[in-house]
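A.B. asks: quick one, what's the 3D model for this:
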Amino acid sequence: MKIKQFKDSPLAHYSYTIVSEGKMALVDPGRNPLQYYNYAEEENAKIVAVFETHPHADFVSSHCQIHEQAGATIYASKLLGADYEHKAFDEGDSVQMGQVIFKAINTPGHSPDSITIVAEEKGETALFTGDTLFIGDVGRPDLREKVGNMTAKRVELAKAMYHTMNNKYNNLPDDALVYPAHGAGSLCGKNMSSDSSSTLGNERKYNWAFREQTEEKFVETILQDQPFIPHYFGFNVDVNKTGADNVQQTKAAVKLKLLVDKVEEGITVIDVRDGDEYKKNHLPNSINIMARSEDDKYETWLGAIVKPKEPFYIVVKSMGQVGDILERTAKIGYEKQLRGIVTLAGATLKESDEFNLKDFKDNKEQYTIVDIRNESELAQGKIFDDAIAIPLNELRERSNEVPADKPIVVHCAGGYRSSAGSSILENHFPKTKVYDLSENIKEFN
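C.D. replies: Presented below is the predicted three-dimensional model:
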């Protein structure tokens with residue numbers, strides 16, 4: 001079998017194709033299936049199967065579109081309760097494709113309906129572990145308390161993961177290749193390796209979850225210091241359970257508007273330009289979530305700041321960005337909420353306050369400092385002792401906790417998030433000066 005890994009860097013998501021004798025199977029495909037179609041053409045292979053290890057929380061899958069366009073059969077656990085056409089694939093089930101035999105192992109822990117896909121061919125074994133087994137870690141168990149067909153409390157799922165790690169992989173060889181759905185940078189776990197694959201033998205040796213330990217200790221460890229949960233995670237679980245619409249069609253429905261100087265009052269505006277450009281000129285009620293390159297976690301912060309079904313506009317620097325920003329927005333299923341993508345007219349609309357770094361250094365007590373880092377970062381200590389700590393993903397809802405009697409300075413750890421945070425507070429406090437410490441934070445930490 002020939003295995004190819006596809007990486008979506010901003011979401012640290014891995015998807016896979018497996019080819020054998022002119023046939024292709026996919027595992028956990030991303031939103032846009034065209035990359036897999038192109039590869040199928042290169043390999044002269046027919047896509048016959050799509051395996052979903054679970055309904056993903058952090059991205060929208062294209063499984064239903066692939067079924068419609070390529071005629072592929074979708075395989076998922078019966079526990080998922082999927083609303084789309086599929087074949088149940090659980091322990092004891094198998095399907096052959098060319099020389100490859102696919103089997104399922106029910107591996108609950110990240111979700112109640114998680115499965116690991118075992119692919120075997122002539123003594124070679126590959127494990128597609130979804131969000132159950134990562135390289136160096138396991139999937140978080142706290143995402144399914146309120147969403148999905150099967151809800152489960154985090155402690156119950158943590159105990160299920162303990163059982164999975166102690167029993168479900170025991171009969172598999174050390175040389176089995178491990179291919180997870182995510183790597184370092186994903187919010188689906190907390191201590192993932194930057195390695196994109198491993199062997200089961202290496203994981204048994206180095207992954208903390210395989211160590212001999214009590215269930216109580218395992219549960220304590222896995223629940224400790226998990227990352228925040230963005231607003232969109234539950235929404236994506238439900239979308240993936242139902243099956244998403246054709247992404248090319250939903251993207252094509254988004255309106256484009258050139259050289260605007262206003263949009264509908266009361267509608268949120270997401271400005272994806274560089275922070276310096278944003279501060280010079282932007283629409284009122286804008287939030288600056290930069291999307292300059294794949295290094296910017298635009299998808300994550302869009303889904304953490306904007307709620308599912310909340311309408312919004314996107315401001316781009318030029319129409320040349322439209323294709324890329326639509327693609328990134330659609331990854332989390334937010335393209336249907338878009339009222340339009342716009343470029344700005346030449347006139348100055350609104351400027352952000354210009355920050356005086358020297359005055360801040362000399363007179364910190366004359367400013368209200370807002371620290372928008374995540375709770376796990378805050379646990380390592382404050383950068384400014386008197387700072388008010390409100391994580392960025394909670395800032396819109398908790399802005400009233402920030403006093404407005406002094407100028408406000410917003411900071412994060414490296415400068416990217418503070419542009420979004422300062423723009424949120426700028427909208428909330430129109431009569432108070434709000435400053436972005438930006439990359440100047442590096443002079444203090």
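A.B. asks: could you pull out the strands in the stretch 151-300 of the chain for me?
C.D. replies: Taking DSSP state E, counting those that start in this stretch, the strands of the stretch 151-300 of the chain run over residues 177-180, 198-199, 256-260, 268-271, 286-288.
A.B. asks: what helices and strands are in contact with the last one?
C.D. replies: Packing contacts for strand 286-288, counted by 3 or more CB pairs under 8 Å, 6 or more residues apart in numbering; DSSP states H and E, involve strand 268-271, helix 275-280, helix 416-428. Using the backbone N, CA and C atoms, a C-beta is placed for each residue, glycine as well.
A.B. asks: report the central residue of the protein.
C.D. replies: Asp58 (3.9 Å; CA atoms, centre = their mean).
A.B. asks: I'd say that one and His13 touch.
C.D. replies: Yes. At 7.1 Å, Asp58 and His13 qualify as touching, with contact defined as CB atoms under 8 Å.
A.B. asks: quick check: neighbours shared by these two?
C.D. replies: His182, Ser186 (CB atoms under 8 Å, 6 or more residues apart in numbering).
A.B. asks: ok, which stretches of the stretch 1-150 of the chain are strands?
C.D. replies: Remark: strands assigned in the stretch 1-150 of the chain by DSSP E, counting those that start in this stretch are 2-8, 13-20, 23-27, 46-51, 73-76, 87-88, 94-97, 100-106, 115-121, 124-130.
A.B. asks: deepest-packed of those, please.
C.D. replies: Neighbour counts (mean count of other CB atoms under 10 Å) averaged over each of these peak at strand 23-27, with a mean of 26.
A.B. asks: need the residues that contact that one.
C.D. replies: Contacts to strand 23-27, defined as CB under 8 Å, 6+ apart, come from residues 15-18, 36, 39-40, 43, 45-51, 53, 63, 66, 72, 97-98, 100, 102, 117, 128, 179.
A.B. asks: just stretch 33-40 next, same as before
C.D. replies: Against stretch 33-40 from outside (CB under 8 Å, 6+ apart): 4, 6, 15, 17, 24, 26, 29, 46-47, 62, 65-66, 69-70, 247.
A.B. asks: now with 7 Å, please.
C.D. replies: Lys4, Phe6, Thr17, Met24, Leu26, Pro29, Ile47, Ser62, Gln65, Ile66 (CB atoms under 7 Å, 6 or more residues apart in numbering).
A.B. asks: list the buried ones in it?
C.D. replies: Pro33, Tyr36, Tyr39, Ala40 (16 or more other CB atoms under 10 Å).
A.B. asks: so how far is it off the chain centroid?
C.D. replies: Distance of stretch 33-40 from its chain centroid, counting by CA atoms, centre = their mean, to the nearest Å, is 22 Å.
A.B. asks: domain-wise, how is the protein divided?
C.D. replies: 2-238, 246-344, 357-443 (automatic domain parsing).
A.B. asks: for Glu351, find the nearest of those.
C.D. replies: domain 246-344 (6.2 Å; CB to CB).
A.B. asks: next one: that closest one to chain centre, how far?
C.D. replies: For domain 246-344, the separation from the chain centroid amounts to 17 Å (computed by CA atoms, centre = their mean).
A.B. asks: what's the end-to-end length of it?
C.D. replies: 30 Å (CA to CA, to the nearest Å).
A.B. asks: what's the average pLDDT for it?
C.D. replies: Summarised as a single mean, pLDDT over domain 246-344 is 97.
A.B. asks: and for stretch 80-97, what's in contact with it?
C.D. replies: By CB under 7 Å, 6+ apart, the surrounding residues in contact with stretch 80-97 are 20, 23, 25, 48-49, 55, 64, 67, 73-78, 101-106, 113, 115, 149-150, 241-243.
A.B. asks: please repeat the previous calculation with a cut-off of 6 Å.
C.D. replies: For stretch 80-97, the external contacting residues (CB atoms under 6 Å, 6 or more residues apart in numbering) are 20, 23, 25, 64, 73-78, 101-106, 113, 149, 241-243.
A.B. asks: try stretch 169-180
C.D. replies: The contact list for stretch 169-180 (CB under 6 Å, 6+ apart) reads 16, 125-129, 134, 197-201, 203.
A.B. asks: low-scoring stretches of the chain, by residue?
C.D. replies: 146-151 (pLDDT under 70).
A.B. asks: so which residues of it form helices?
C.D. replies: All helices of the chain, identified by DSSP state H, fall at 34-43, 63-70, 154-167, 200-206, 215-223, 232-242, 247-252, 275-280, 298-305, 322-331, 357-362, 375-378, 395-398, 416-428.
A.B. asks: ok and the fifth one relative to helix 154-167, angle-wise?
C.D. replies: Counting by axes from the mean of the first three to the mean of the last three CA atoms, to 10 degrees, helix 215-223 points 110 degrees away from the direction of helix 154-167.
A.B. asks: taking the contacts of stretch 169-180 together, which two end up most distant?
C.D. replies: Tyr16 and Gly201 (20.4 Å).
A.B. asks: from the centre of this protein, point out the most distant residue.
C.D. replies: Outermost in the chain, CA atoms, centre = their mean: Asp362 at 39.6 Å.
A.B. asks: hang on, the earlier thing: of the contacts of stretch 169-180, closest to Arg373?
C.D. replies: Taking CB to CB as the measure, Arg373 sits nearest to Phe134 out of these, at 23.6 Å.
A.B. asks: that older thread, want to throw the strands of the stretch 1-150 of the chain into TSV with distance to Ala253?
C.D. replies: TSV is the format used below for these (distance: least, CB to CB, whole Å):
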stretch	distance to Ala253
strand 2-8	23
strand 13-20	25
strand 23-27	26
strand 46-51	25
strand 73-76	25
strand 87-88	31
strand 94-97	35
strand 100-106	36
strand 115-121	34
strand 124-130	31
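A.B. asks: select, out of these, the one closest to Arg273.
C.D. replies: Closest among the strands of the stretch 1-150 of the chain, once you apply CB to CB, is strand 2-8, at 22.5 Å.
A.B. asks: what's next to the closest one, contact-wise?
C.D. replies: Contacts for strand 2-8 (CB under 6 Å, 6+ apart): Tyr14, Ser15, Tyr16, Thr17, Ile18, Val19, Gly30.
A.B. asks: can I get the buried residues of stretch 33-40 in TSV including distance to Ser423?
C.D. replies: TSV is the format used below for the buried residues of stretch 33-40 (distance: CB to CB, whole Å):
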residue	distance to Ser423
Pro33	35
Tyr36	37
Tyr39	40
Ala40	43
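A.B. asks: distance of the residue nearest to the centre of the chain relative to Ala119?
C.D. replies: 24 Å (CB to CB, to the nearest Å).
A.B. asks: and the nearest residue to Glu21 once chain neighbours are set aside, how close does it get to Tyr37?
C.D. replies: Take Glu21 and drop its neighbours on the chain: the residue closest to it by CB to CB, 6 or more residues apart in numbering is Gly98, 3.3 Å away. For Gly98, the distance to Tyr37 equals 19 Å [CB to CB].
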